[in-house]
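**Q** Show me the folded form of this:
(one chain, ligands or ions: 1)
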Amino acid sequence: MTKPTEEIVLNEEESLDTRRIAYHVREIIKLIGEDPNREGLRKTPERYEKALKFLTSGYLQNVDNILNGATFSVAYDEMVVVKDIEFFSMCEHHILPFFGRCHVAYLPNKRVIGLSKVARLVNMFARRLQIQERLTSQIAEAIQEKISPEGVGVIIEARHLCMQMRGVEKQCGQAVTSAMLGGFRHNKQTRDEFLALIRTKK
Ligand SMILES: [Zn+2]
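**A** The predicted structure is shown next:
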């Protein structure tokens, strides 16, 4: 395939800025043999930049600004479970999506976290380049550190497009990872209660 060299027509000046993700996406489009100037692809670099910035926006957040004072003193000491938290992340080995559901439980020790904040915490860690194992343990450790519960359990069930789209391990439907701290690690009854609760159909 012969192509005229540098026949680039850019109407937006900033698209030429090599510091922008869009510039490099445009280069990648060329490297795979596509024409970045054809209609359907013309705005793709900017769109991709915007999408990628959203999908990695977890780097701009931290545990403290997510929780933002939303931990409360309570007398409640039964297990708190937030299940089926939907998340979308990107594997750091291929920068392709992996996604699924996350289940979080803890045994309060006088303090709890606002329920919606648990989901936001999951999403903050998910919106970074991740491996599923680290995502799982980071969620558990953040909760352990912030409210010092008697124990924390996190289970993630996910599908990885880097495996599924490339036909690797076709049979492997879902990957399941867990992080169990404190009572969830040492006490089988606690762990079983958590597992029973997340398996209950909605
Ligand atoms: Zn991967």
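**Q** Give me the distance from the worst-scoring helix or strand of the chain on mean pLDDT to the chain's centre.
**A** Every helix and strand in the chain was compared by mean pLDDT, DSSP states H and E; the lowest is strand 71-73, with a mean of 88. How far strand 71-73 lies from its chain's middle: 26 Å, per Cα atoms, centre = their mean, to the nearest Å.
**Q** Report all helices and strands that the longest helix belonging to the chain contacts.
**A** When the chain is parsed with DSSP state H, its longest helix is helix 132-147. Using 3 or more Cβ pairs under 8 Å, 6 or more residues apart in numbering; DSSP states H and E as the contact criterion, the secondary-structure elements in contact with helix 132-147 are helix 63-67, strand 80-91, strand 97-107, strand 111-113, helix 115-126, strand 151-160, strand 175-182. For glycine as for every other residue, the C-beta is placed from the backbone atoms N, C-alpha and C.
**Q** which parts of this protein sit against the ion?
**A** Of all the residues in the chain, those in contact range of the ion (Cβ under 5 Å from the ion) are 91, 93, 94, 162.
**Q** Ranking by neighbours, what's the top pick from these?
**A** For those, neighbours were counted using other Cβ atoms under 10 Å, and residue 91 has the most, 19 neighbours in all.
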